[in-house]
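Chemist: pasting a predicted model and its sequence here:
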Amino acid sequence: MPSHLSADRSAAQPPGRGSVDALISQTRRLKGDVDAVRRDTPADAADPRERFQRALYDLALHQLNDLDEHLAQLRDDPPCASGPQSPPTPAPRHDSLLSRVGSAEWNLLTDEASWSPELYTVLGRDPAAPPLTLDELPSLVLDEDRPKLTSMVTGCLVDARPIDGEFRVLRPDGGVRTVHMMGEPVLGADGSTASMWAVLRDVSELRRCRRAVSETRDSLHHQRHAAAQTEHRLAVELQEAVLPAWHGSLRLPHTGPRTAAHAHAGPAELDIAARHLPSSTGPRIGGDWYDALDLADGTTLLSVGDLTGHGVGVAATRAMLLGAVRGMAMAGTTPGPLLTCLNSLLDATVQPALGSAVCLRYRPGTRSLVWARAGHPAPLLFRGGTGRALDAPDDVLLGASSGTSYGQAEEALEPGDLLVLHTDGLVPGHAGAAATHHLLAALTPHLAGAATAQDCVRAVVREFGEQRREDDACVLVARVTA
């Protein structure tokens, strides 16, 4: 806190002219740099982000202009507040800093007041009128701000506290201006307050700039929030549109969904159930999918996949890929060539993307399974109380390499076999071989006694569904019926 002034103490000498000139030069160079960048931002931009940037530039330039004029005033060492007999001072340039900064001193011993000519301009007073005393000053202030001014002045006069605060004044022309007041008591020889001086500055334009910054920032935040909500809603709608609509268990091959309790199931049908597990870090829609499709030749297609990223763009690409998977499968394309075509499709998209997938084609008459994968965890096979990952051909991620061909493998299944297909996010904190080992160790005891695919999915969800996950995940279980 600055020390209190003494009435008989001489004023400090101003800084050297050369050092202030150097500061003025630096300030003006910075003003030029800021203004050059500001000119590239449209003044009437429709984008809230650009309006926010423009408001910040305006505020920065306003403050740099004030700093420039403050330093010039300091260098030129203008006279202090004038008394009643002081000669008239030329009026400051309109809207210059000097027209917005005035000074005053109130003598408590003689009850006299002296104002600088600039203070008359700040407060909109007639220069020919006498300066207002401390008792009269509140008459210019808006009613709701008078208690604040009274408190600041009382604290200065009684408790010798410096003044530093703002209030609004009503000028004779009806305009309302915001004034920032800084001052200190001047102590007499006996230590009592002899007078009070203050510098009053019109900060209305500065406050307007700051309000503009605040309002454009709020508008930008609101727009981003609304855009995020819209994007999330669209991503959810796309997800609901492409993921299978069936709930509970599904029996394939046949013409429609039915529960596992249905009797007279065909030989070697698949009892299928699946679940999507959302991310626990927020409403982010990823690129995970699962699908089961009854094909015209009596076979069944199972697929699980994942695309990197989140949001509407990823959801749209997932919809495109899943539509391609279904179309090619219905045309008779086997899993290996199907993934080769998917890789070419991703490679040709406007927005490059990476993904993984596993596709299986099950033939119920022979209980044979033909499958292929692209950068995806291999299916897990549980049989007779043990589990293992199917032996997989070499593979790479979809979209990672142009012209890649994907091989396929074949597996003979038996009644009661369980297949578990999943995406990477199912086991948080684990990937690759570590995730596979963790799944086999955790699920083998729980799946051995499961009667339906839905029971198996519930067991997976109990084991892994409540864990905190950064990404969403999918799991699909297919059980070969007797």
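Modeler: Received it, and whenever you're ready, just let me know what you need. Numbering: from 1, shown residues only.
Chemist: which strand residues bridge the closest residue to residue 163 other than its chain neighbours?
Modeler: Leaving aside its sequence neighbours, residue 163 sits nearest to residue 183 (Cβ to Cβ, 6 or more residues apart in numbering; 4.1 Å). For every residue, glycine as well, the C-beta is placed using N, CA and C. In this entry, residue 183 is beta-bridged to residue 163, residue 198, by DSSP bridges.
Chemist: how about the contacts made by residue 183?
Modeler: By Cβ atoms under 8 Å, 6 or more residues apart in numbering, the residues touching residue 183 are 156, 162, 163, 196, 197, 198, 199.
Chemist: gap between the last one and residue 187?
Modeler: For residue 199, the distance to residue 187 under the criterion Cβ to Cβ, to the nearest Å works out to 18 Å.
Chemist: sorry, back to before: for the contacts of residue 183, which one is nearest residue 71?
Modeler: Comparing the contacts of residue 183 against residue 71 with Cβ to Cβ places residue 199 closest, at 15.6 Å.
Chemist: pLDDT below threshold where in the stretch 351-482 of the chain?
Modeler: 428-430, 467, 469-470 (pLDDT under 70).
Chemist: where do the strands sit along it?
Modeler: 355-363, 368-374, 380-383, 386-389, 409-412, 418-422, 473-480 (DSSP state E, counting those that start in this stretch).
Chemist: need the ones you listed in TSV (columns: mean neighbour count).
Modeler: What follows is the strands of the stretch 351-482 of the chain, written out as TSV (neighbours: other Cβ atoms under 10 Å):
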stretch	mean neighbour count
strand 355-363	26
strand 368-374	23
strand 380-383	19
strand 386-389	15
strand 409-412	13
strand 418-422	26
strand 473-480	26
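Chemist: reformat those strands as JSON lines; add distance to residue 321.
Modeler: Formatted as JSON lines, the strands of the stretch 351-482 of the chain follow (distance: least, Cβ to Cβ, whole Å):
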{"stretch": "strand 355-363", "distance to residue 321": "7"}
{"stretch": "strand 368-374", "distance to residue 321": "11"}
{"stretch": "strand 380-383", "distance to residue 321": "23"}
{"stretch": "strand 386-389", "distance to residue 321": "24"}
{"stretch": "strand 409-412", "distance to residue 321": "22"}
{"stretch": "strand 418-422", "distance to residue 321": "16"}
{"stretch": "strand 473-480", "distance to residue 321": "14"}
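Chemist: the closest residue to residue 184 other than its chain neighbours - how many residues pack around it?
Modeler: Nearest residue to residue 184, sequence neighbours excluded (Cβ to Cβ, 6+ apart): residue 162, at 5.0 Å. Residue 162 sits with 16 neighbouring residues when counted by other Cβ atoms under 10 Å.
Chemist: repeat that for the one 3 residues further on.
Modeler: Counted by other Cβ under 10 Å, the residues lying close to residue 165 total 15.
Chemist: what do you get for residue 33?
Modeler: Count around residue 33 with other Cβ under 10 Å applied: 11.
Chemist: next one: residue 252
Modeler: 24.
Chemist: please tell me how far residue 421 sits from residue 146.
Modeler: For residue 421 relative to residue 146 (Cβ to Cβ), the value is 75 Å.
Chemist: my error: substitute residue 218 in the last question.
Modeler: Taking Cβ to Cβ, one finds residue 218 at 30 Å from residue 146.
Chemist: more crowded one of the two?
Modeler: Higher neighbour count among residue 218 and residue 146: residue 146, with 15 against 12, using other Cβ under 10 Å.
Chemist: farthest pair within the contacts of residue 183?
Modeler: 156 and 199 (13.2 Å).
Chemist: now residue 194: which helix or strand?
Modeler: Residue 194 is part of strand 193-202 when elements are defined by DSSP states H and E.
Chemist: so for stretch 292-306, what gets flagged as buried?
Modeler: Going by neighbour count (16 or more other Cβ atoms under 10 Å), the buried part of stretch 292-306 is 292, 293, 294, 295, 299, 300, 301, 302, 303, 304, 305, 306.
Chemist: so how far is residue 341 from the nearest residue to the first one once chain neighbours are set aside?
Modeler: The spatially closest residue to residue 292, leaving aside those adjacent along the chain, is residue 272, at 5.0 Å (Cβ to Cβ, 6+ apart). Taken as Cβ to Cβ, the spacing of residue 272 relative to residue 341 amounts to 24 Å.
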